[in-house]
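Colleague: output the structure for:
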Amino acid sequence: MTNSANWEHAKEQYPSTTKLTESDWIAFFDERPDVMHQILGDIFVITKAHNATVKKSGRRPRYINGNMDELWEMITPKYSTDPFGESVKQLIGEQSIRSFAARIPMHYWSLIRLMRGERQIVNPHDIASSMGTLEMIAKAGNVHPTFFVEYRTLYIFSMFSEVFAAKPNFTIGLTRKLSEIQHKS
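Modeller: Numbering: from 1, shown residues only. Model (predicted):
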């Protein structure tokens, strides 16, 4: 199994696809989600067959029986709506806090303090550092950083900050609207 696609062969075999833009592809898959599901199913089957032939040493990998629930679990991100401490407990599962913290890497006592709320995971004065810490913890837990509600909040906050810094006039109208809403309640 090769790691790269043969794009020239694909263009020759399906010339009409070379004229499609990204928005054309999005519209097509919106209209025909069954095609995307079939493609994902094919990728899943090929990957499963390839992984079955790869010899791995060490711990035996988890068996994949190839059902749609497993495929869905592989392609959809996981999100938590719980506070940071509870979300990390979900990621840690049956393993020890010490072993999980070592994968971050972070001293286990620092992780415990973050989980208990004794130290704040979000530093409003250093958003980049807060997001970086959440990214490391997410990586150790094999999830995307957006798993954490705190990361999603920081991400949106940083996006607003960038827009408002680039277009300060937006803040004038938004401030007025928010003031009106606040006075009505």
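Colleague: list the buried residues for the top helix by length along the chain?
Modeller: When every helix of the chain is counted residue by residue (DSSP state H), the longest turns out to be helix 33-53. For helix 33-53, a neighbour-count test (16 or more other CB atoms under 10 Å) marks Phe44 as buried. Heads up, the C-betas are built off the backbone N, CA and C, glycines and all.
Colleague: how far does stretch 146-161 sit from the chain's center?
Modeller: Mean-position distance between stretch 146-161 and its chain equals 12 Å (CA atoms, centre = their mean, to the nearest Å).
Colleague: next one: stretch 110-123
Modeller: Averaging C-alpha coordinates over stretch 110-123 and over its chain gives two centres that are 22 Å apart (CA atoms, centre = their mean).
Colleague: next SSE after the least confident helix or strand in the chain by mean pLDDT?
Modeller: Using mean pLDDT, DSSP states H and E, helix 68-75 stands out as the lowest-scoring helix or strand of the chain, at a mean of 64. Where DSSP states H and E defines the elements, the next helix or strand beyond helix 68-75 is helix 84-92.
Colleague: which outside residues touch that following helix?
Modeller: Contacts of helix 84-92 from elsewhere in the structure, counted by CB atoms under 8 Å, 6 or more residues apart in numbering, are 80, 82, 100, 111, 114-117, 121, 137, 140-143, 147-150.
Colleague: I'd like to know how far Met36 sits from Ile112.
Modeller: From Met36 over to Ile112 the distance is 43 Å, taken as CB to CB, to the nearest Å.
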